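Novice: Next come a sequence and a model predicted from it.
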Amino acid sequence: MFPLQPDFIRDRFPSVAARCAAHGVDITKELLPVVPAAHFSCGGVHADLHGRTNVRHLNAIGETACTGLHGANRLASTSLLECLTSAKFTAQADVKDIAGETFRLPQPQAWRSAANEVDPTLIRQDLQLLRSTMWNYAGIVRSPKRLTRARRILLELREEIQSFYRDYQVTQELIELRNAVQTALLVVHAASLNPVSKGCHYVVEKE
Ligand SMILES: Cc1cc2nc3c(=O)[nH]c(=O)nc-3n(C[C@H](O)[C@H](O)[C@H](O)COP(=O)(O)OP(=O)(O)OC[C@H]3O[C@@H](n4cnc5c(N)ncnc54)[C@H](O)[C@@H]3O)c2cc1C
């Protein structure tokens with residue numbers, strides 16, 4: 001069952017072996033359950049190779065951006081190279097743009113935040129629901145039925161989160177949750193428009 005020699009396993013995977021040993025599992029003798037995990041983002045904000053998006057003065061580079069460099073999936077070692085090259089090209093393009101423009105800073109009004117804090121349990125629960133919805137319905141295996149269900153759940157969640165945002169003190173957790181549900185809805189929407197199995201997901205007709 002174990003074609004690899006124990007010494008080879010320990011030398012090749014020292015961190016995994018040590019971590020598992022700390023939990024009482026000897027990986028030279030026992031099988032380890034393996035599950036897929038989110039490793040990186042695919043897609044993102046459409047940008048050209050100079051980091052330009054369709055919003056003026058908004059740049060997107062790195063994992064936030066969809067420059068087309070990766071095709072349908074990120075492959076080993078292309079991500080960091082993309083970060084470096086896009087950062088350089090974007091900085092150069094920005095320097096050129098800034099030199100030719102005059103900027104006027106806006107004068108924002110002082111922020112008035114509500115005094116009462118939202119119950120943190122509600123935020124945690126919403127985040128948990130959002131994560132499990134995305135993992136189960138918009139993860140590796142997708143179907144129209146799952147995506148429709150995800151959209152329904154997310155629309156309801158967004159309503160609730162918007163009401164927190166209106167009525168309670170704005171916190172980092174609340175802003176992140178609000179951004180997360182909006183991003184999730186965009187992912188589900190884009191996934192619904194894509195009938196093709198490509199890159200890192202697989203479309204099944206029905207479940
Ligand atoms: C386990 C793993 C292994 C990988 N191995 C490789 C590899 O071998 N080769 C390769 O090319 N790529 C690899 N990648 C992918 C690569 O690391 C990423 O694509 C790359 O780091 C993305 O860089 P980024 O600057 O766009 O984003 P990030 O590195 O995610 O940087 C985003 C930064 O923004 C900060 N941030 C987030 N929200 C806020 C906020 N609201 N305010 C202020 N700051 C904020 C975060 O703390 C973070 O520091 C790997 C990724 C993972 C997870």
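Specialist: It's in. Here the structure is a predicted model, which is why all the values come from computation and not from measurement. Numbers count the residues shown, from 1 in each chain.

Novice: Could you check the pLDDT of the residue in the chain that the ligand sits nearest to?
Specialist: In the chain, the residue that lies nearest the ligand is Gly62 (2.1 Å; CB to the nearest ligand atom). In short, each C-beta sits where N, CA and C put it, glycine included. Listed pLDDT for Gly62 reads 93.

Novice: Now do the contacts for it.
Specialist: By CB atoms under 8 Å, 6 or more residues apart in numbering, the contact list for Gly62 reads 79, 82-83, 86-87.

Novice: cool, and Pro108?
Specialist: Applying CB under 8 Å, 6+ apart, no residues contact Pro108.

Novice: Could you pull up the residues touching the residue nearest the centre of the chain?
Specialist: Nearest to the geometric centre of the chain sits Ser41, at 5.2 Å (CA atoms, centre = their mean). By CB under 8 Å, 6+ apart, Ser41 lies in contact with 63-64.

Novice: host element of it?
Specialist: Assigned by DSSP states H and E, Ser41 belongs to neither a helix nor a strand.

Novice: how close does it sit to Ile27?
Specialist: 30 Å (CB to CB, to the nearest Å).

Novice: next one: Pro14
Specialist: 11 Å.

Novice: Poorly predicted segments of the protein, please.
Specialist: Applying pLDDT under 70 to the chain flags the ranges 1-2, 206-207.

Novice: Can you spell out the domain ranges of this protein, please?
Specialist: Here the domain parsing of the chain from automatic domain parsing is 45-99, 120-203.

Novice: Same question for Asp94, what's its three-state structure.
Specialist: Here Asp94 is recorded as helix under DSSP: H, G, I helix; E, B strand; the rest coil.
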